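[1] let me see the structure of the following:
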Amino acid sequence: LGTELYPKEGDFSAFLSANGGRSNAFTDSEDTVYYFDIAASLDSGKTFAEALKRFGSFFACPLFTESATGRELNAIESENAKNLQTD
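    Have a look, this model is predicted:
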């Protein structure tokens, strides 16, 4: 998904990759957890602040384009089906 501040899909992943990082999420029976990490660097304060701004924008101002929303719904349904099998 893109956001109002960073509308290009995949921008967050590209930023993380460029800074030695990654992100992921998982859902258990009651919670969904989103996380990311980046490599430490000489300007890690600036880089980390930028990463937090980008990460936070997914929650503050997401863009739900039709194609991205469809992909997200499929991912949610797939994870939910997997979790139902382990109940």
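[2] helices or strands next to the top helix by length along the chain in the packing?
    Secondary structure of the chain read by DSSP state H shows that its longest helix is helix 66-85. Helices and strands touching helix 66-85, by 3 or more CB pairs under 8 Å, 6 or more residues apart in numbering; DSSP states H and E, are strand 22-27. (Glycine included, C-beta is placed from N, CA and C.)
[3] next, the angle helix 66-85 makes with the strand it packs on.
    Orientation of strand 22-27 against helix 66-85 (axes from the mean of the first three to the mean of the last three CA atoms, to 10 degrees) gives an angle of 50 degrees.
[4] where in this protein is pLDDT low?
    44, 86-87 (pLDDT under 70).
[5] at 80 what do you get?
    Scanning the chain for pLDDT under 80 picks out the ranges 28-29, 42-44, 80, 83-87.
[6] thanks a lot, catch you later.
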